[in-house]
Each structure stands twice: as C-alpha cells, then as structure tokens.
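**Q** Provided below are the primary sequence and the corresponding predicted coordinates.
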Amino acid sequence: MSDMSTANIVVGVDGSEQSIAALRFARRLADSLGHGLEAIAAWSYPASMGEYFPTDWDPASAAEKFLAEAVETAYGADRPDGLTMSVAQGAPAQVLIEASKGAAMIVVGSRGHGGFVGMVLGSVSTAVAAHATCPVVIHHGEE
C-alpha cells in the first residue's frame, strides 16, 4: 500500500454523465484533502465478439478518446494540476479494484452506460464498493 499522504484519488470514467459528475466531485475532494487525481477508463473485447472483431477497431484508442472527452467536458480549460489519465485493459470493476491498492480513495458514479433504468447502483459501483482496498465514494450525480 502506498503512502496515503501522496496517494491519488482515482475516478472510474466510462464517458457517462454519472462519471463526468464523479470527476467533478473527485476534484473537490482531491483539492480539499490535498491528493492528486487520476482518471481511469477500462476497456475489454466484448465476449459476444468471440475471437472476431473489426480489424480497424482499436478499443484502447476508443477508451483514450472517451476519457479525454469526459475530462474536457468535466473541466474544460480548468483542468486540475497534476491530473493523470490512464486506460487499462480489463473489466471496469477489476481495473478499479486493482487501482484501489495504491489509491487514497476511489470515486465512481452510481450507474454508468450499462445501467438499467431504476437501478440505484450499477454492477461496477457495487463490485468496487465490495472489494476495493481503500475508501469508495459512490457519487449519485449533480444536484
């Protein structure tokens, strides 16, 4: 485990409005608590594709693009100092649980792109809350 005084607050980003709101909220936490901020997007090949996928499709580049767009939407020209962005291959919950090992805190939206209408928590936020090794904040969106 890393030194909590220098650990980042990690935000899971999937490009949804919930994750953009989580980015904004995490910035306020990072600023008030004196932590850095890391935005993480995860990608994986859909199981339904099997071994076949379009040769011109690059899911890592697509994840980098939606992460950059989400950060731009959240912060515009007022990007936090020292903000880091990373893209990792894997299931979103697993990527964030792994990131929790060195994080001061994880912030996720209550539901992302995969959420069903009416659900209070999505599968990623539920799994991260249950298995992360650091505190988890599940943000329910802008007021």
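**A** Everything's here; your move.
**Q** In this model residue 134 seems to touch residue 97, though I could be wrong.
**A** No: the criterion here is CB atoms under 8 Å, and residue 97 misses it with residue 134 at 9.9 Å. All C-beta spots, glycine's among them, are computed from the backbone N, C-alpha and C.
**Q** For whichever strand in the chain runs longest, which helices and strands make contact with it?
**A** Secondary structure of the chain per DSSP state E: the longest strand is strand 36-43. For strand 36-43, the elements it packs on are strand 8-12, helix 17-33, helix 59-75, strand 84-89, helix 92-99, judged by 3 or more CB pairs under 8 Å, 6 or more residues apart in numbering; DSSP states H and E.
**Q** for the last one, packing partners?
**A** Just to be clear, that refers to helix 92-99. Helix 92-99 packs on strand 8-12, strand 36-43, strand 84-89, strand 105-109, helix 123-131, going by 3+ CB pairs under 8 Å, 6+ apart.
**Q** Likewise for the first one?
**A** With contacts defined as 3+ CB pairs under 8 Å, 6+ apart, the packing partners of strand 8-12 are helix 17-33, strand 36-43, helix 92-99, strand 105-109.
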